[in-house]
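Asker: Here is a sequence with its predicted model. Questions after.
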Amino acid sequence: MVKPRITSTLTAVALLVMTLAAFAVIVSCGGEDPTATSVPVQPTATQAPAPTEAPAPTEAPEPTAAPEPTAAMAPDSDGKRGGSLIRGVSRTLRAWDYNTEAVWFAPQSLQRHYSNLVRFDPADGTTIIPDLATEWAIADDAAGINFTIRDGVQFHDGQGLTLEDIKWTFERSKSPPEGERYPRLLALQSITDITIIDDNNITIAYENPNAEFIQNFAAAWGIVFAQHVMEQEGGMNGPDRVVGTGPFIIDEAEMEEFVTSRNNPDYFLDAPDGDPFPYLDEMTTVALSDVEARIAAIQTGRIDIASFDPAEFAPAVGALNSIGDSVRMEISPLAGINYLSMNANGPPFDDLKARRAAYLLFDRLRMQQLESLPTGEFASVPTGFFGTVDPFIDEIPDIWEVSKDSREEAVAEGKALADELGIDGFEMVVNSRSFFQELAQLAAQVYADAGWEVTLNVGDSAANAELIQSANFEMSMSTPNVVLPSVSAFLLEQYLPGGREANAAPPPDKIYDLLTELQGATDPVDAHAATREIQKVMREEWIPVVPMGKQVGSSELVANHVQDRPGALGQWFNLHTWTDVWIDENSPRK
């Protein structure tokens, strides 16, 4: 039995935090700014495959076995085992129960201690692969899933995982305790029934058919808890309650400072050498809020990976050339979108013609050009209404209203509509944070190029929220990131009534029919056809927002001795188990 070892004394990791912070101050007081170098930064969002059709979940079906991730994750493991890895991030955990948090740094700090029923493949961020479940079968009506759970899984305190733990976990997600809210698990509130079929099979049914619903169990927040731990007095009130079945066991932790974890010798997935993953002996996540602190730390070898927020892309690229050949850059496309929200509760954007004029006059390729770095690298990608989870994102530069070959025609139509309605600009509500102001100024420049004047109404978050909630605005800007690479979830969470865009124009009735068709599609061909038709309606008959694009993603400077840590779609939230990452003999910590 392996128990968590928690200490609250000032450890070597805490000393490291203090040392790095002091070192960053020294570095920031002198020396030249690093210059940028050319790096390939154009991300490609890959499509999540639709699950295969399977029997209804009223009894345990006989699903097709999914491939075990162990064989594909790593080749021969000779020389891979051992050593410790330190990752510097801008922020780390601020709650022990990270289901209560919607922020990216929650799973980045704690996901490695837990397991999911299934998870996203770290190679691409979209493919579903086994975790606690070895097999799964989606019901014929796409309104339920049967999971076959592997035998012999142990929690970090030595107690065995049971199907009751799984049932308790997702009943908790469906109906949170009074006073608690799980913002990234709202979709699980549609669960209607959880049935234990036998010793290895559990079926979860939900209200509406949705072939993509399984993604909720693969995402970072879909972790499985130990019922006997969570029901202790005080609940999840400290690091000693972080007890999962994941590849790492929490060892030492200080809230908002660092988390150190050690190898779980009883982890249920075996590496090719026959011993359990993970390869690392120890993994630490340390908060270094100042970007120069992270650059200094990776440059001097005090950390192995420096992680940069999407808004820190420029200094990350600049640091790459300064540091030299000892590091590489890995870029993970963000799952999300930047768009302009139009208030359809009043003029002018209650009129489809006005929304179409705003949509056509916004040049997405010009926006990409304005956002590019001084050295010419693109810092964003043009998107449609579904951002980077769009399976057809590569086609966006070639659609009629975006393509350079037809932009003049699109602008002419937009101007004609604007002239008909007497529109020559609008006021945009903008958050006072510098990132949002800079993005809004670029968007205003794009419209200025087309002859529209945009007035920026800059205010703090509270003031802006009041204007938006009261529908007392014309245009605002939103930059949401999403957890699931799902078109249907994107549509529900962003644009349909009850979603983020409360002031958007109501959708045409046919959108609901197409959504039902998409959610029930178990064949990728059918899903693609429904998605294309939804996009057509959104472009021509609805136009709930004006898509702008999306930053290329989160980036990491990775020491060359760190292996098998590729960038992948959605890594900002998911893919933080570190199961098969390893360090070679050049690491100072091996």
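Answerer: Done, it's in. Numbering: from 1, shown residues only.
Asker: among the helices and strands of this protein, which has the poorest mean pLDDT?
Answerer: helix 69-73 (a mean of 42; mean pLDDT, DSSP states H and E).
Asker: Could you check the pLDDT of Gly498?
Answerer: Here the pLDDT value assigned to Gly498 is 89.
Asker: give the contact list for the closest residue in space to it that isn't next to it in sequence.
Answerer: In this structure, Gly498 finds its nearest non-sequential neighbour in Leu492, 7.7 Å apart by Cβ to Cβ, 6 or more residues apart in numbering. For every residue, glycine as well, the C-beta is placed using N, CA and C. By Cβ atoms under 8 Å, 6 or more residues apart in numbering, Leu492 lies in contact with Gly498, Gly499, Leu515.
Asker: Ramachandran angles for Leu492?
Answerer: Note on Leu492: its backbone torsions stand at phi -70, psi -40 [degrees, to the nearest 10].
Asker: out of the contacts of Leu492, who has the most neighbours?
Answerer: Leu515 (20 neighbours; other Cβ atoms under 10 Å).
Asker: before we move on, the earlier item: okay, the contacts of Leu492 in TSV with secondary structure and distance to Leu280 next?
Answerer: Putting those into TSV (DSSP: H, G, I helix; E, B strand; the rest coil; distance: Cβ to Cβ, whole Å) gives the following:
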residue	secondary structure	distance to Leu280
Gly498	coil	43
Gly499	coil	40
Leu515	helix	43
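Asker: which one of these is nearest Ile129?
Answerer: Comparing these against Ile129 with Cβ to Cβ picks out Leu515 as the nearest, at 27.0 Å.
Asker: thought the closest one was touching Val537?
Answerer: No: with contact defined as Cβ atoms under 8 Å, Leu515 and Val537 do not form a contacting pair (10.6 Å).
Asker: so the residue of the chain most remote from its centre, which of the three states?
Answerer: In the chain, the residue that sits farthest from the middle, by Cα atoms, centre = their mean, is Glu420; the gap is 41.6 Å. Using DSSP: H, G, I helix; E, B strand; the rest coil, the three-state assignment for Glu420 comes out as helix.
Asker: Need the per-residue pLDDT for it.
Answerer: The predicted local confidence for Glu420 is 98.
Asker: Neighbours of Asp509, how many?
Answerer: 8.
Asker: Ala314 too?
Answerer: With other Cβ under 10 Å as criterion, Ala314 counts 16.
Asker: element containing it, please.
Answerer: Per DSSP states H and E, Ala314 falls inside helix 313-323.
Asker: Remind me what that helix packs against, helices and strands.
Answerer: Counting by 3 or more Cβ pairs under 8 Å, 6 or more residues apart in numbering; DSSP states H and E, the packing neighbours recorded for helix 313-323 are helix 291-299, strand 305-308, strand 327-332, strand 554-559.
Asker: My understanding was that Asp266 contacts Pro276; is that so?
Answerer: Yes: assessed by Cβ under 8 Å, Asp266 is found in contact with Pro276 at 6.9 Å.
Asker: For the stretch 251-400 of the chain, which segments count as helices?
Answerer: 291-299, 313-323, 352-361, 364-371 (DSSP state H, counting those that start in this stretch).
Asker: Tabulate those helices (a markdown table), appending mean pLDDT.
Answerer: Converted to a markdown table, the helices of the stretch 251-400 of the chain look like this (pLDDT from 0 to 100):
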| stretch | mean pLDDT |
| --- | --- |
| helix 291-299 | 97 |
| helix 313-323 | 91 |
| helix 352-361 | 98 |
| helix 364-371 | 96 |
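Asker: and those helices, which is most packed in?
Answerer: helix 291-299 (a mean of 24; mean count of other Cβ atoms under 10 Å).
Asker: Can you tell me the number of residues neighbouring Val429?
Answerer: 22.
Asker: meant to ask about Gly235
Answerer: 14.
Asker: Pass me the low-pLDDT residue ranges in this structure, would you?
Answerer: Within the chain, the ranges that satisfy pLDDT under 70 run 1-77.
Asker: and it, what are its domains?
Answerer: Domain ranges of the chain: 82-332+553-583, 338-551, per automatic domain parsing.
Asker: deepest of these, which one?
Answerer: Taking mean count of other Cβ under 10 Å, domain 82-332+553-583 is the most buried of the domains of the chain, at a mean of 21.
Asker: still on that earlier bit, want to try a markdown table for the domains of the chain, with distance to Arg589 as columns?
Answerer: Shown next, in a markdown table, are the domains of the chain (distance: least, Cβ to Cβ, whole Å):
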| stretch | distance to Arg589 |
| --- | --- |
| domain 82-332+553-583 | 5 |
| domain 338-551 | 32 |
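Asker: Ala102 contacts Arg181, correct?
Answerer: No: the pair Ala102 / Arg181 is not scored as a contact, 9.3 Å apart, by Cβ under 8 Å.
Asker: which element is Asp165 on?
Answerer: helix 163-174.
Asker: next helix or strand past the least confident helix or strand of the chain?
Answerer: Next element after helix 69-73 (DSSP H and E): strand 84-89.
Asker: ok, and what's touching that following strand?
Answerer: Identification of contacts with strand 84-89 by Cβ under 8 Å, 6+ apart yields 16, 20, 105, 108-109, 280-288, 293-294, 297-298, 302-307, 562, 578, 581, 583, 587, 589-590.
Asker: hmm, back to that, what's the closest of the helices of the stretch 251-400 of the chain to Pro333?
Answerer: helix 313-323 (11.9 Å).
Asker: For that closest one, C-alpha coordinates in PDB please.
Answerer: Only the C-alpha atoms of helix 313-323 are listed here, as PDB (Å, rounded to 0.1, in the frame of the first residue of the first chain):
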ATOM      1  CA  PHE A 313       3.300  33.900 -27.100                       C
ATOM      2  CA  ALA A 314       5.500  36.800 -28.200                       C
ATOM      3  CA  PRO A 315       8.000  36.700 -25.300                       C
ATOM      4  CA  ALA A 316       8.100  32.900 -25.600                       C
ATOM      5  CA  VAL A 317       9.100  33.100 -29.300                       C
ATOM      6  CA  GLY A 318      11.600  35.800 -28.400                       C
ATOM      7  CA  ALA A 319      13.200  33.700 -25.700                       C
ATOM      8  CA  LEU A 320      13.600  30.700 -28.000                       C
ATOM      9  CA  ASN A 321      16.500  32.300 -30.000                       C
ATOM     10  CA  SER A 322      18.100  33.800 -26.800                       C
ATOM     11  CA  ILE A 323      18.300  30.400 -25.100                       C
END
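Asker: the inter-axis angle of that helix versus strand 554-559?
Answerer: Counting by axes from the mean of the first three to the mean of the last three Cα atoms, to 10 degrees, helix 313-323 lies at 10 degrees to strand 554-559.
Asker: what's the distance between Glu282 and Glu135?
Answerer: 33 Å (Cβ to Cβ, to the nearest Å).
Asker: what does Ala306 give?
Answerer: 39 Å.
Asker: Kindly report the same for Asp240.
Answerer: Distance from Asp240 to Glu135, by Cβ to Cβ: 34 Å.
Asker: List the contacts of the helix holding Asp165.
Answerer: 99, 117, 132, 147, 149, 182, 185, 188-189, 191, 194, 196, 199-200, 202, 204, 223-227, 230.
Asker: give me that answer again for 7 Å
Answerer: With contacts defined as Cβ atoms under 7 Å, 6 or more residues apart in numbering, helix 163-174 is touched by 149, 182, 185, 188-189, 191, 194, 196, 202, 204, 224-227.
Asker: Go through those residues and flag which are in strands.
Answerer: Ile149, Ile191, Ile194, Ile196, Ile202, Ile204 (DSSP state E).
Asker: And the furthest pair within these?
Answerer: Across the ones in strands among the contacts of helix 163-174, the two members that end up farthest from each other (Cβ to Cβ) are Ile149 and Ile191, 17.2 Å apart.
Asker: Apart from its chain neighbours, what residue comes closest to Pro278?
Answerer: Pro278's closest residue in space is Pro247 (Cβ to Cβ, 6+ apart), at 4.3 Å.
Asker: In contact with that neighbour: list those residues for me.
Answerer: Pro247 touches Arg112, Asn264, Tyr267, Phe277, Pro278, Thr577, Trp578, Thr579, counting by Cβ under 7 Å, 6+ apart.
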